[in-house]
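J.: Mind folding the following:
(chains A and B)
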Amino acid sequence: MWTSPEALVAILGMALVTFAVKAGGLLLANRLPREGFAAAWLRHMPGAVLASLVAPAIVTGSAAEAIAAAATALLYVATRSLLAAMAGGVLAVYLVRLSLAA
Amino acid sequence: MSPSSPFRDQFYAGARACVPVCISVAAYGVVWGVLARGTGLSLLEVIMMSGLVFAGSAQFVALDLWTATPTTLPIGPLILAALIVNLRYLLLTATLRPLFRPDQQAKGALLMAIVSDETWAMTVGEMSKGRGSIAFLIGGGVLAYVCWMGTNVIGFQLGSAIDDPSRYGLDFAFTATFLALLLGMWKGRGDLVPWLVAAVTAILSARLIEGSWYILIGGLAGSLAGAWAERLRHVD
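T.: The predicted structure follows:
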């Protein structure tokens, strides 16, 4: 079976709303003033969104993610390398989870 | 094309920057492919969903709702779920405005199709250092797209149960990379208020509301707090 009309409609619908949201963010931002409060708001958006993505993944109630986050931060400050920070963070969370499970 | 055109250099720079995150994109890509087969999607449907929807978290949610028999497929809920899970992209793509001149709106809007969390994060990290370009965004986007689509198909063909990526700590690859990116974006004390407000709001809303709303709520609260704090400082 290749596909069905129902599946095709569902996938195309999902694709359409996803694209509308992605394109909509940029088009709406283009209508905002380029100075003043709206500009400051947009300027603070990347940091705020990244902080929102990261914080709940670190504060999970388990020590593993908190310790690994500290290791990641230290490695990044020391090396200024994203790859080193990522590899160290993954290794740290792996090791601490192992030791917590033991 | 000359051996080192600015576009090509930036394209490769964007692709290179996204290699670390693509390792975990690949791990989750295989998992999604395996689950998609188990849920009853055909290979064509896997390719269409990855290629046209191209949004990891929405695709995982879709598998929860999908049914193998077409007549019972919940088309409305599937589309609504994709909309809700992807609403956060309103904030993400809004921040890419500085990449495009006012006369490049249509081109910019079309390009947003290849934006994912990872490519977005790498690009705003680059922009905060005064670099970043459309070509950088495309380079990262194309790599992530090929990587996601390719590993979805590989997972589908393998079909066998693969280990949970979190067993190897790979779930933390996103978190670690995004945390390092965030630290690299630090410009001074003006960042403290928006980041703290965003983090606390996101943690609270993640506990209280199911789904990915916390990204939208934290992002809005933090960026508004940052803009207000800036205005208060200028009033003094």
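
J.: any idea which helix is longest in the chain?
T.: Defaulting to chain A. helix A:5-31 (DSSP state H).

J.: Let me rephrase: I mean chain B.
T.: helix B:134-158.

J.: which secondary element of chain B has the worst mean pLDDT?
T.: Of all helical and strand segments in chain B, the minimum by mean pLDDT, DSSP states H and E falls on helix B:19-39, at a mean of 90.

J.: just the helices in chain A please.
T.: A:5-31, A:37-58, A:63-79, A:82-101.

J.: Averaged pLDDT, the first one. What do you get?
T.: Read it as helix A:5-31. For helix A:5-31, the mean pLDDT works out to 97.

J.: Tell me which other helices or strands it touches.
T.: Helices and strands touching helix A:5-31, by 3 or more CB pairs under 8 Å, 6 or more residues apart in numbering or on different chains; DSSP states H and E, are helix B:43-48, helix B:56-65, helix B:75-86, helix B:89-94, helix B:105-111. Using the backbone N, CA and C atoms, a C-beta is placed for each residue, glycine as well.

J.: Need the contact partners of the fourth one.
T.: If you take CB atoms under 8 Å, 6 or more residues apart in numbering or on different chains as the criterion, helix B:89-94 is touched by A:18, A:21-26, A:28-29, A:42, A:45, A:49, B:55, B:112, B:115, B:117, B:120, B:215-216, B:219-220, B:223.

J.: Weed out the non-buried ones from those.
T.: Neighbour counting over these (16 or more other CB atoms under 10 Å in any protein chain shown) leaves A:18, A:21-26, A:29, A:42, A:45, A:49, B:55, B:112, B:115, B:117, B:120, B:215-216, B:219-220, B:223 as the buried ones.

J.: thinking again about what came up before, who are the packing partners of the least confident helix or strand of chain B?
T.: Counting by 3+ CB pairs under 8 Å, 6+ apart, the packing neighbours recorded for helix B:19-39 are helix A:82-101, helix B:43-48, helix B:56-65, helix B:117-127, helix B:134-158, helix B:171-184.

J.: will you turn those into CSV that also has distance to B:L83?
T.: Formatted as CSV, the helices and strands packed on helix B:19-39 follow (distance: least, CB to CB, whole Å):
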stretch, distance to B:L83
helix A:82-101, 31
helix B:43-48, 18
helix B:56-65, 9
helix B:117-127, 17
helix B:134-158, 20
helix B:171-184, 23
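
J.: which one of those lies closest to A:A63?
T.: helix A:82-101 (6.7 Å; CB to CB).

J.: how big is the angle separating the closest one from helix B:19-39?
T.: Counting by axes from the mean of the first three to the mean of the last three CA atoms, to 10 degrees, helix A:82-101 lies at 50 degrees to helix B:19-39.

J.: Give the rounded mean pLDDT of helix A:82-101.
T.: Mean predicted confidence for helix A:82-101 is 94.

J.: And that helix, what does it pack against?
T.: helix A:63-79, helix B:19-39, helix B:171-184.

J.: what's the average pLDDT for the last one?
T.: The average pLDDT within helix B:171-184 is 93.

J.: Kindly report the domain assignment for chain B.
T.: B:6-185, B:187-236 (automatic domain parsing).

J.: A:A85: which of these is closest?
T.: Across the domains of chain B (criterion: CB to CB), the nearest stretch is domain B:6-185, sitting at 3.8 Å.
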